[in-house]
Structures are given as C-alpha cells and as structure tokens.
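**Q** structure here, sequence nowhere to be found:
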Ligand code: TRP
C-alpha cells in the first residue's frame, strides 16, 4: 500500500441559480477548510449542468447562464482556482459513457427508493411521469465521483443516498467483473460538523433553504436585501410582546445564529451578552425583542457576505478569464476521467483494441 497517497476530493452543485447561505454552511465552508489545509492530492468542484438539465430540459438558458454565476459564487466565496479544479460536467464526455455502463447495475426500483429522489419527485410533480434522465441522476452522479478516484465528497445530508448508491455500484462492478487490479475507489461523504449546517432551514421556517422555495439569502444579495430578508424571517409566532417568553426551537433567527454566530460577534455587536447561550436564556425568559436579535444576526451575516460581495464585483468584470479557466480545467478533467474509463473497460473486457493481433 502506498501510504503517502493523499485524498482526492470532489463535490459539485447544479447550476440553476445563484448559491445561497444553505450552500455556504452546507458545503462551501468545508471546501474552504479543505482548501486551506491543503492535505489532498486533487480537489475538484464540478458545475453539474448535465444534472441540472435532468429537470430543466426546457430551461437551457437558465442552466447555461447559471454556470458562470455559480463559478463567480465559488470564487467570490474564496475558492482558489490555483488549488481547486473547477470544471463543467457536460464538457467531460467520459462521464456519459461511464454512466451508460453503470445503468446496467442499478434497478428502477432501487432508484425509486432513493429518499432524495423521492422528495424531489414530489416537489417537482413528477409522480405521474418521471423523466428517465432525472430518475437516473444518482447513477450519473456515481460516475462524477468514480471517474476521478474520489475518496472524499463534501456535501449536505441530502446527498448521502447518492454516495450510498455510488458505493453499491462499485460493489456490483467488482462482483460482476472481478477486476484483477482495483478500478474504483470507495468514496466517503464528508458532512458539516453541526446538524444545523447540514440542512439550513429557509427564512420561512418551513423547509430547507432553497431556490425553488423562495426562502433563501443569496451570497450575491446586496446589503439592503439581506437586511430586509432577515427582518422578515420566521421567529416564534407566540412571542408577541417583548416581555413574553420566547421559543428557540423552530425559530429561524436562532437557527441561523447557531450556524453563523461566534463568541467574538458578541464583543463586537452585542456586548451585553457573553455568548449565544446567554442570549437564548434571555429570550426564553422574556424581555428580549425579536428586532434586537434580528439586527444582531444581520450584522453577522453582513460581515460574512461583505468580502464576498466585494470580490464578486471584480470577478464580474473578468467573465472571459473565468470561462477560459473552466474550459481548460474541463479538458484536464476529461483526460483524468479517460484514464479511469479505460481501466473500467479493460476490466469489463470491452477494450476491443485488445483484439488486434
Ligand atoms: N447532486 C448535487 C446537488 O444537487 C450536485 C452534484 C452532481 C454532486 N454531481 C456531484 C455533488 C458529485 C457531489 C458529487 O447539488
């Protein structure tokens, strides 16, 4: 065994709009952590346009335009293109080829049991007729992961079933073809440490933060928009007068404080309290108004988003450079994926060049 070999990290997002705070705490924060630790061999971030099209076939323009938006979101949030290979899924054709073979290892009923797919079918009203491509995206996601020898996939918890599916595909492949040397590496999910960051609720308190639910704060939102959104966030409907005791559970403002607050923010913006626990105690007891807590949260979120916003302005004037970077990286990703695909075909016995004598 080669013990010096470091991890290969791969993750991605569908380009269907801008990234929001749910993406930030659910995945970008961990990406930045990996990036700064630097203990990896390769780090890929994939803009999953092919996957986005599986439920956006008629909205090509939305997907196409979101590619650059998502790339700008990554770069402005601090992803460094010198340390991380950001590429476009559809520009790596090997992924499609690999997906085709993987489809033979997975049954329709297995895909229909995937809990994330189940939720998404409901959300999209696909119950009566599911596009094959959509149902199949966990298989295509397995190719995304396996084509690069990925060992770690930093994601939110809705992606766990995809990693599970990927591991099953590896097991089936090994079982059927019994490769003499290892073709695929088993990937592991890497989740945010705190529960709240794995599934950040939306401003309405009903479901997780998402574009489609219209309950998100976007990385690109300006100062005024962010403040308005925070001031309208769902709190405790029974906390009517300041002196009423308030409830923390299900209170979105406190959920966000759990995700974003550090003790030093109290020093800076709310020195009457030492930490979040003290603030929560006061709220529970009564005598602490929602507005005060919301303004505190607003200060924190603005602190986080301000540098991101500033970088975005610069990047927005360098769109061409970003496209060039994406295209170049996609070419390199394709070369890497080709190696793994060749090994796979070799193991399956379908490398027909071997027939030439
Ligand atoms: N399914 C992911 C999402 O909805 C995007 C994605 C596609 C992905 N391929 C991936 C994530 C591979 C991690 C690894 O955001």
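**A** Noted; the coordinates are in hand. The structure presented is a predicted model; accordingly, all values stated were derived computationally and were not measured.

**Q** how about the nearest residue to residue 331, chain neighbours excluded?
**A** Computed as Cβ to Cβ, 6 or more residues apart in numbering, the closest residue to residue 331 that is not its neighbour in sequence is residue 91, at 7.6 Å. To be clear about C-beta, it is placed using only N, CA and C from the backbone, and glycine gets the same treatment.

**Q** got the contact list for the one you found?
**A** Counting by Cβ atoms under 8 Å, 6 or more residues apart in numbering, residue 91 touches 327, 330, 331, 333, 334.

**Q** and what of residue 99?
**A** 136, 139, 140, 142, 143.

**Q** likewise residue 297?
**A** By Cβ under 8 Å, 6+ apart, the contact list for residue 297 reads 230, 233, 253, 256, 257, 260, 261.

**Q** is the ligand within reach of the helix or strand of the chain with the lowest mean pLDDT?
**A** Within the chain, confidence by mean pLDDT, DSSP states H and E is lowest for helix 195-198 among all helices and strands, at a mean of 90. No: judged by Cβ under 6 Å from any ligand atom, helix 195-198 and the ligand are separated, with a smallest distance of 13.4 Å.

**Q** the helix or strand immediately after that helix in the chain - contacts with which helices or strands?
**A** Counting by DSSP states H and E, the element after helix 195-198 in chain order, helix or strand, is helix 223-231. Packing contacts for helix 223-231, counted by 3 or more Cβ pairs under 8 Å, 6 or more residues apart in numbering; DSSP states H and E, involve helix 290-316.

**Q** for the helix it packs on, which positions count as buried?
**A** Within helix 290-316, the residues that qualify as buried are 290, 293-294, 296-298, 300-301, 304-305, 308-309, 312, 315, counting by 16 or more other Cβ atoms under 10 Å.

**Q** still on that earlier bit, show residues contacting the least confident helix or strand of the chain.
**A** With Cβ under 8 Å, 6+ apart, helix 195-198 has contacts from 25, 26, 29, 156, 157, 191, 192, 255, 258, 259.

**Q** now do stretch 223-241
**A** Stretch 223-241 is contacted from outside by 203-206, 217, 221, 244-247, 250-253, 256, 283, 290-291, 293-294, 297-298, 301-302, 305-306, 309, using Cβ under 8 Å, 6+ apart.

**Q** counting neighbours, what do you get for residue 60?
**A** Residue 60: 12 surrounding residues under other Cβ atoms under 10 Å.

**Q** show me what contacts it?
**A** So residue 60 contacts residue 53 (Cβ under 8 Å, 6+ apart).

**Q** in the stretch 251-357 of the chain, what residue spans correspond to helices?
**A** In the stretch 251-357 of the chain, the helices defined using DSSP state H, counting those that start in this stretch lie at 252-260, 263-269, 276-285, 290-316, 319-348.

**Q** which among these is found nearest to the ligand?
**A** Across the helices of the stretch 251-357 of the chain, the minimum distance to the ligand, taken as Cβ to the nearest ligand atom, is reached by helix 319-348, at 12.3 Å.

**Q** buried set for the closest one?
**A** 322, 325-326, 329-330, 333-334, 336-337, 340-341, 343-347.

**Q** again, but for stretch 124-137
**A** 130, 134, 135, 136, 137.

**Q** try stretch 35-53
**A** 35, 40, 42-53.

**Q** again, but for stretch 158-174
**A** Quick answer for stretch 158-174 (16+ other Cβ under 10 Å): 159, 160, 161, 162, 163, 165, 166, 167, 169, 170, 173.

**Q** ok, now which ones touch the fourth one?
**A** Counting by Cβ under 8 Å, 6+ apart, residue 162 makes contact with 114, 116, 138, 141, 142, 155.

**Q** quick check: residues of the stretch 1-150 of the chain near the ligand?
**A** Residues of the stretch 1-150 of the chain lying near the ligand (Cβ under 6 Å from any ligand atom): 10, 11, 12, 13, 14, 46, 48, 51, 141, 144, 145.

**Q** and the stretch 151-300 of the chain, by the same measure?
**A** Within the stretch 151-300 of the chain, the positions near the ligand by Cβ under 6 Å from any ligand atom are 153, 155, 159.

**Q** which of those fall within strands?
**A** Counted as lying in strands by DSSP state E, out of those, are residue 153.

**Q** please enumerate the helices of the stretch 51-200 of the chain.
**A** For the stretch 51-200 of the chain, the helices defined by DSSP H, counting those that start in this stretch occupy 60-77, 94-102, 108-112, 115-124, 132-135, 137-146, 160-177, 195-198.

**Q** can I get those helices in JSON lines including distance to residue 268?
**A** JSON lines is the format used below for the helices of the stretch 51-200 of the chain (distance: least, Cβ to Cβ, whole Å):
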{"stretch": "helix 60-77", "distance to residue 268": "22"}
{"stretch": "helix 94-102", "distance to residue 268": "46"}
{"stretch": "helix 108-112", "distance to residue 268": "49"}
{"stretch": "helix 115-124", "distance to residue 268": "39"}
{"stretch": "helix 132-135", "distance to residue 268": "46"}
{"stretch": "helix 137-146", "distance to residue 268": "41"}
{"stretch": "helix 160-177", "distance to residue 268": "36"}
{"stretch": "helix 195-198", "distance to residue 268": "22"}
